[in-house]
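A.B. asks: Model the following, please.
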Amino acid sequence: MSLPDADGNHLELRYDIGITLLSLVLVIMFTLMGFYVSSHDVVFMKTKREIVEMFVEDAAAMSMKDVQKMKTFQMVMIIGTRAPQHLLLGGLITGSGVVVMHYLGMAAMRFQGHIVWNAGVIS
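C.D. replies: As a prediction, this is how the structure comes out:
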């Protein structure tokens, strides 16, 4: 792959295969860990009937007719406030994996020239 610079010259761009594969392995590991932590949430892998039963426990003031009209997603959102720490921690772990993958992807780039980071623009 080649990239044009400001003068119109083309720079060859390559990726270090070892670092690229490492980023792939790490993002898969982080994602699986994030899913594992999230899977211990009170709602994960429940049937609609189980979700309705949990929801009714949390919203005893609502009638069953109102509950039956609600979509499963709405019930999950209300039940999710019961114990959100699993979802938050799982999301944090998965998000960290994405950050590591992008950092290693940038570190794997090989080309003549250099990258200048402007902290004011990045942050």
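A.B. asks: now for the helix or strand hosting Phe35, which elements pack on it?
C.D. replies: Assigned by DSSP states H and E, Phe35 falls within helix 17-38. Counting contacts by 3 or more C-beta pairs under 8 Å, 6 or more residues apart in numbering; DSSP states H and E, helix 17-38 packs against helix 85-107. Quick note: C-beta positions are derived from backbone N, CA and C, even for glycine.
A.B. asks: Now do the SS call for Trp117.
C.D. replies: coil (DSSP: H, G, I helix; E, B strand; the rest coil).
A.B. asks: mind listing what Tyr15 touches?
C.D. replies: The contact partners of Tyr15, by C-beta atoms under 8 Å, 6 or more residues apart in numbering, come to 105, 108-110.
A.B. asks: quick one, what contacts Phe35?
C.D. replies: 90, 94.
A.B. asks: pLDDT below threshold where in this structure?
C.D. replies: Counting by pLDDT under 70, the chain has low-confidence residues at 1-3, 5, 40-48, 51-52, 55-64, 66-83, 122-123.
A.B. asks: In it, where's the longest strand?
C.D. replies: strand 10-15 (DSSP state E).
A.B. asks: partners of that strand, with directions?
C.D. replies: Note on strand 10-15: by DSSP bridges, its sheet partners are strand 2-4 (antiparallel), strand 109-111 (antiparallel).
A.B. asks: how many degrees apart are that strand and helix 17-38 in direction?
C.D. replies: 50 degrees (axes from the mean of the first three to the mean of the last three C-alpha atoms, to 10 degrees).
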